[in-house]
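Trainee: Build me a model from this:
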Amino acid sequence: MISVKGKLVLITGATSGIGRACAEIYAQNGANLIITGRRDDRLAQIQNELENKYQVIVTPYCFDVRDREAVEMFGLELKNKHLTPYIFINNAGLAKGMSSIQNGDIDDWEEMIDTNIKGFLYMARAILPLMIEKNTGTVINLGSIAGSQVYPGGNVYNATKHAVKALNQAMNMDMLQTNIRISTIEPGAVETEFSLVRFNGDKEKAANVYKGFKPLTASDIADIIYFMTTLPEHINIQNLLVTPTAQRSATLFNRQ
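Mentor: Coordinates of the predicted model:
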């Protein structure tokens, strides 16, 4: 297994959920972090917690991945400071709403497309050239079971995660002449703020998503991502679908 001690790990969307859990496990194992997100207060809190707990260096950057100019400036700053991630976790993303297409909220569509596809690409375009120059490292693109299986009400979110899956495959082809590994993980039901965001803060609706079975946790996915990125460098897990045992497809759950 590869040690991450002293290596640099970049995590987008690190203020909650899977991104936050990834920050924890890499810091715990001695990696220095660059964490990004839209909530400056949370970034500062995570920085303080992880630095004090694990004696690592945590550098926060507050911006929205949808902001192309901000992402480009971020990439330029990393280049100028000679900060090249060994591991890049392209995690920032969200779902909004579960309306049919004919009744869909176009603002929700715009937010999902701008974050899950365009923001994803902005970050990849900013960071991949730095990693190519070093010719080493691993990229984890956060997908979803929604990128393999369409479900009712998923429509545009499904489309954005299908795009992530396709782009992951394309990145693997584009990185053929390098030693950089490109991977995507596709979680099923993970209990985080995901459903709370999807239902605009409706706690009851969000709780019902996970009712009657044991869902995955953010730490479960972070553990798997850590495993994927610390395997010997000749091993590249290109795609991994992970569900709770009680979930057998995007829509089939064994609820007790």
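
Trainee: residue boundaries of the strands in the stretch 1-150 of the chain?
Mentor: 8-11, 32-37, 58-62, 87-90, 138-142 (DSSP state E, counting those that start in this stretch).

Trainee: I'd like those strands as a markdown table, with mean pLDDT appended.
Mentor: Shown next, in a markdown table, are the strands of the stretch 1-150 of the chain (pLDDT from 0 to 100):
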| stretch | mean pLDDT |
| --- | --- |
| strand 8-11 | 98 |
| strand 32-37 | 98 |
| strand 58-62 | 98 |
| strand 87-90 | 98 |
| strand 138-142 | 98 |
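
Trainee: Let me know which of those is the nearest to Asn200.
Mentor: strand 32-37 (19.4 Å; C-beta to C-beta). For glycine as for every other residue, the C-beta is placed from the backbone atoms N, C-alpha and C.

Trainee: With distance to Met131 and mean neighbour count as new columns, can the strands of the stretch 1-150 of the chain be given to me in CSV?
Mentor: Converted to CSV, those look like this (distance: least, C-beta to C-beta, whole Å; neighbours: other C-beta atoms under 10 Å):
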stretch, distance to Met131, mean neighbour count
strand 8-11, 10, 26
strand 32-37, 13, 24
strand 58-62, 17, 19
strand 87-90, 7, 28
strand 138-142, 7, 26
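
Trainee: Same list, these, but as TSV with distance to Ile132 please.
Mentor: Shown next, in TSV, are those (distance: least, C-beta to C-beta, whole Å):
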stretch	distance to Ile132
strand 8-11	15
strand 32-37	18
strand 58-62	21
strand 87-90	12
strand 138-142	11
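
Trainee: Out of the ones you listed, which is closest to Tyr122?
Mentor: strand 87-90 (10.2 Å).

Trainee: what pairs with the closest one, and is each one parallel or antiparallel?
Mentor: Next to strand 87-90 in the sheet, as set by DSSP bridges, lie strand 8-11 (parallel), strand 138-142 (parallel).

Trainee: Could you dump these into a markdown table and include distance to Leu83?
Mentor: Formatted as a markdown table, the strands paired with strand 87-90 follow (distance: least, C-beta to C-beta, whole Å):
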| stretch | distance to Leu83 |
| --- | --- |
| strand 8-11 | 6 |
| strand 138-142 | 16 |
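
Trainee: Pull stretch 49-64 out as CSV, backbone CA atoms only.
Mentor: This file holds the C-alpha atoms of stretch 49-64, laid out as CSV (Å, rounded to 0.1, in the frame of the first residue of the first chain):
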residue,chain,number,x,y,z
GLU,A,49,-9.8,20.8,13.9
LEU,A,50,-7.6,18.7,11.6
GLU,A,51,-4.5,20.7,12.2
ASN,A,52,-4.8,20.5,15.9
LYS,A,53,-5.8,16.8,15.9
TYR,A,54,-3.4,15.4,13.4
GLN,A,55,-0.5,18.0,13.2
VAL,A,56,-0.9,18.3,9.4
ILE,A,57,-1.1,21.4,7.2
VAL,A,58,-4.6,22.2,5.9
THR,A,59,-5.0,25.1,3.4
PRO,A,60,-8.6,26.3,2.8
TYR,A,61,-9.8,28.0,-0.3
CYS,A,62,-13.4,29.4,-0.4
PHE,A,63,-15.0,29.6,-3.8
ASP,A,64,-17.8,28.0,-5.9
